[in-house]
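S.K.: need the 3D shape of this:
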Amino acid sequence: MSLKTLLIIIPFNVFAIFSYSQTAGIGAVTSVESISKRIESNKETIVKYNNDLIGLEEALKKRTKKISDDIDGLYKERDNIIGDMKVGARCSQCNGWKSEFEKRGENFEKHLGDVKGYAIPATTSELETTRKKFAEAIAMKKVQLQNIEKGDNGIAKKKDDIAKLEKENETLCTSITSHSKNYETSVFSEGKNKQNQWIESLMNYASAILIADDKITIGKAKISRLKKEFEAEAQTVREQIRNVIEEGQNKMAADIDANEKRKQVILDEQKEYLAPIETKIGELKKQKSKVDADLKKPAITEAEKATFLNEQQQLLNQITELNKNILQYNATVKSKLSQIEITNIQLKDDILKLTANLPKKQELEVAKIRLVYDAKIADATNSASRASTELGLAKRTYTDKAAAYKNDNSKYIDVVILESNRMLVAGQRVSCSVWNEVRGMVATNWSKLLPCVNNITTLAKPYSSHVFNAYCSGMASSKYLIAYKSFLSGLSPEELQAVRGNTNSDWFDIITK
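M.R.: Residues are numbered from 1 along each chain as shown. Predicted structure coming up:
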């Protein structure tokens, strides 16, 4: 604890009174000033009482001296009278003692001559009576002296009044210190409340910065994600087209293979079909050769010749018919084989065309989804652009508000300084200790709070690991950044991951608790 009694003159903004005419502790200030005046009044009264006491004590000394002198005089008078009584120094005419005449400045012997008297001694009884009378008178004086020495009621009352006033001043001085402490407690509490309200307001503006920044992050992440999704889907489409083409090509290749097999089947069937016919033709030719040989024999009859000729013609007709059949069959086979070959050539050409047209076909299909993704990317780009504009506005607004609240805080501290100085002056006048720390406490509290909010707006996103220090860790509570927390709660998992991926984990863990 530090108590300061010296007046500290600190410049303050005289215009502060227009915003903050007084603090919650003004009652303590006026109490200190009132008590200070009361102490001053008491001190003035004490000075007066001390002056009165000097007079009373001087009068007491005079009274004490007078009584002491009276006692000494009584002793002296007693001794003189007793001495006169013992030596017969009393006038026979007036019974006056020699010492009495001398006390009055008269000559005892002259008196005796004047009154024609003579000196007579005192009796024992007179001596005892005189002694007793003086003893009583002296005793009374001593009682008076003892009473005075015990204390004069007026002086005692004055001293008691002075002591009471001094004690009251001590109590009042303690009260001044207590009021100044209450002022510190009240004003620091009020100051913190004001600063917390300003900070809470700034945190709303800080939330706007964080939200806009996150929107940019989300927009950029969405653009990146959409591009990746497009590439992945485009690759899938290309693969699907390739698979379809390859499936078609494979089917065509299978058809070609089947056609080749069919050709072989046709050839095999041709051989199988022609073999017996050719065998038959061979047999018929042998028979015709025999008939031809028979016709060449010289000794054949006309009837035999006619028979042979007829048989020859029949054989020739059969051979011709079979050859014709072979020709027709071969023509059919050739036609079939030719058709198959044409088909295979077309299939091979189609296969080559599919291979050549694959990239174009793929890009045509990719172009269909590109339009969708281009629209989505354009929308995300526009969102990020709008968020960038919002971020600039939010930062400017925050800067303006921070400056305004800083100015409000300075004005409030100026009023605190003004009131604190009033208490210091009042305490100094009566030499009472006054607490004088709250101006620094309020200023220090603000100097710790404001950087915390500034850190949130400037350090939270670029991966800082010390956004919140021990003093301002509570700023991540539900009381603060409620708008930002609400924004985060409305994000999709992928958006939240985008934000988290661009923010240091300490900050994000504190915010999302």
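S.K.: quick check: buried residues in stretch 427-439?
M.R.: Going by neighbour count (16 or more other Cβ atoms under 10 Å), the buried part of stretch 427-439 is 427, 430, 432, 434-439. Where you see a C-beta, it was placed from the backbone N, CA and C, and this is true even at glycine.
S.K.: what is the rounded mean pLDDT of it?
M.R.: For stretch 427-439, the mean per-residue pLDDT is 95.
S.K.: do the same with stretch 290-306
M.R.: Here the average pLDDT along stretch 290-306 is 87.
S.K.: for that stretch, which positions count as buried?
M.R.: residue 291.
S.K.: got the end-to-end distance for it?
M.R.: 15 Å (Cα to Cα, to the nearest Å).
S.K.: which residues touch it?
M.R.: 308-309, 311-312, 315 (Cβ atoms under 8 Å, 6 or more residues apart in numbering).
S.K.: residues contacting residue 37?
M.R.: So residue 37 contacts nothing (Cβ under 8 Å, 6+ apart).
S.K.: next, it: secondary structure please.
M.R.: Put simply, residue 37 is helix when judged by DSSP: H, G, I helix; E, B strand; the rest coil.
S.K.: mind checking how far it is from residue 418?
M.R.: Applying Cβ to Cβ, to the nearest Å, the value for residue 37 to residue 418 is 19 Å.
S.K.: again, but for residue 231
M.R.: 69 Å.
S.K.: okay, those two: which has more neighbours?
M.R.: In terms of neighbours (other Cβ atoms under 10 Å), residue 418 is the more surrounded of residue 231 and residue 418; the figures are 20 against 12.
S.K.: okay, that one and residue 334: tell me how far apart.
M.R.: Applying Cβ to Cβ to residue 418 and residue 334 gives a distance of 123 Å.
S.K.: go on, residue 292?
M.R.: With Cβ to Cβ as the criterion, residue 292 and residue 334 are 32 Å apart.
S.K.: tell me, how many residues neighbour residue 313?
M.R.: 12.
S.K.: that one should be in a helix, yeah?
M.R.: Yes - Residue 313: assigned to a helix according to three-state DSSP.
S.K.: pull the contacting residues for residue 405.
M.R.: The contact partners of residue 405, by Cβ under 8 Å, 6+ apart, come to 198, 201-202.
S.K.: can we see that at 7 Å?
M.R.: 198, 202 (Cβ atoms under 7 Å, 6 or more residues apart in numbering).
S.K.: that one: helix or strand, and which one exactly?
M.R.: helix 302-429 (DSSP states H and E).
S.K.: list the neighbouring strands of the next helix or strand after that helix plus their orientation.
M.R.: The helix or strand immediately downstream of helix 302-429 is strand 434-435, counting by DSSP H and E. Sheet pairing of strand 434-435 (DSSP bridges) gives strand 3-4 (antiparallel).
S.K.: not counting sequence-adjacent ones, nearest residue to residue 42?
M.R.: residue 165 (4.6 Å; Cβ to Cβ, 6 or more residues apart in numbering).
S.K.: thinking again about what came up before, out of the contacts of stretch 290-306, flag the one nearest to residue 206.
M.R.: residue 315 (117.6 Å; Cβ to Cβ).
S.K.: quick one: the helices in the chain?
M.R.: 26-87, 98-103, 108-115, 124-150, 153-295, 302-429, 438-459, 482-489, 493-501, 505-511 (DSSP state H).
S.K.: helices and strands around the fourth one, which ones?
M.R.: Applying 3 or more Cβ pairs under 7 Å, 6 or more residues apart in numbering; DSSP states H and E, one finds that helix 124-150 makes contact with helix 26-87.
S.K.: same deal with the third one?
M.R.: Packing partners of helix 108-115 (3+ Cβ pairs under 7 Å, 6+ apart): strand 90-91, helix 98-103.
S.K.: restricting to C-alpha, output the last one in CSV.
M.R.: Meaning helix 98-103. C-alpha atoms of helix 98-103 as CSV (Å, rounded to 0.1, in the frame of the first residue of the first chain):
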residue,chain,number,x,y,z
LYS,A,98,3.8,44.6,69.3
SER,A,99,4.1,42.7,66.0
GLU,A,100,0.7,44.0,64.9
PHE,A,101,1.8,47.6,65.5
GLU,A,102,5.0,46.9,63.6
LYS,A,103,3.0,45.3,60.8
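S.K.: for it, which outside residues touch it?
M.R.: 80-81, 84, 89, 108, 111.
S.K.: I'd like to know which of those is nearest to residue 376.
M.R.: Among these, residue 80 lies closest to residue 376 (Cβ to Cβ), at 139.1 Å.
S.K.: how about the contacts made by the closest one?
M.R.: residue 99.
S.K.: same thing but 10 Å
M.R.: 89, 97-100, 102-103 (Cβ atoms under 10 Å, 6 or more residues apart in numbering).
S.K.: which of the residues you listed are buried?
M.R.: 89, 97-100.
S.K.: hmm, which of the contacts of stretch 290-306 are the buried ones?
M.R.: The buried subset of the contacts of stretch 290-306 - by 16+ other Cβ under 10 Å - is 308, 311-312, 315.
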